[in-house]
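> next one to model:
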Amino acid sequence: MCGFLRVGGLNLDTFSNTINCMEISWIGHSCFRLKGKFATVITDPFDSNSTGLKLPKLSADLITVSHSHSDHNNPSSIEGSPYLIQGPGEYEVKGVNVVGMATFHDDKGGAERGKNTIYNITVDDVNIAHLGDIGHDLSSEQLEEFGNVDVLLIPVGGVYTIEAHTAAKIAAELEAKVVIPMHYQVEGLKYQLEGVDKFLKEMAKESVTPVSKLVITKDKLPEESQVVVLERS
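Residues are numbered from 1 along each chain as shown. From the prediction side, this is the model:
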């Protein structure tokens, strides 16, 4: 049996056996590893030369790419002959269900930075939303179409994406049980983004302590929304 567990930090309903849990690890920027019982998903693998961040050796069954920029689109670096998803649509790979929805990288209909795909990725019955480099608020129609969200992976660093205030608004609108910020300033990143602190203040979660990974199951999601800050793996 598995509970909601922030490894390396504060636990909620923690159990000793986590074999049947799914794990969420942050590789850096917008890249995560979603490890389920039967499949592993990598989101937005980045180019190390572009970002200044080291991409470790990773393998996967499935890769999602939100858009074509090199800091999100380096699938050739991932081992294991993974299935690649690079746009809107509905997909099913090894028991993982993915729904991609078309959005934009800016608030001008893509005129500045082009298109962006946001994904609802279901691993072991946990619905994980990855918003890529979204640059605008979501419309009521998009919120309704996106459906239920258990874990939200959302950019918060501004400059090239939504900033902290809009990220907090979207998190509230999607009513995610767990909110994990991404795409913000970290040591070594070549781009200048805002740090995560502004987003944590918007969410009234300034005291959150970063942890190494999130281990979770559908039946042990927190009742109230939690913000989890992950350390880079």
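> so which bits of the longest helix belonging to the chain are buried?
Criterion DSSP state H: the longest helix present in the chain is helix 164-174. Neighbour counts using 16 or more other C-beta atoms under 10 Å place 164, 166, 167, 168, 170, 171, 174 of helix 164-174 among the buried residues. For the C-beta atoms, the positions are set from N, CA and C on the backbone; glycine is no exception.
> ok, residue 32 - how many residues close by?
Applying other C-beta atoms under 10 Å, we find 28 residues neighbouring residue 32.
> that one sits in which helix or strand?
Assigned by DSSP states H and E, residue 32 belongs to strand 31-35.
> which other helices and strands contact that strand?
strand 22-28, strand 40-43 (3 or more C-beta pairs under 8 Å, 6 or more residues apart in numbering; DSSP states H and E).
> continuing past the longest helix of the chain, what's the next helix or strand?
Heading C-terminal from helix 164-174 (DSSP H and E), you reach strand 178-182.
> that following strand pairs with which strands, parallel or anti?
Strand 178-182 pairs in its sheet with strand 151-155 (parallel), strand 226-227 (parallel), by DSSP bridges.
> mind exporting it as PDB, just the C-alpha atoms?
Presented in PDB, the C-alpha positions along strand 178-182 are these (Å, rounded to 0.1, in the frame of the first residue of the first chain):
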ATOM      1  CA  VAL A 178      -0.700  18.600  -6.200                       C
ATOM      2  CA  VAL A 179       0.900  21.500  -7.900                       C
ATOM      3  CA  ILE A 180       4.600  21.200  -8.900                       C
ATOM      4  CA  PRO A 181       6.300  24.400 -10.300                       C
ATOM      5  CA  MET A 182       8.700  24.100 -13.200                       C
END
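> helix or strand next in line after that strand, which one?
Assigned by DSSP H and E, the successor of strand 178-182 is helix 197-202.
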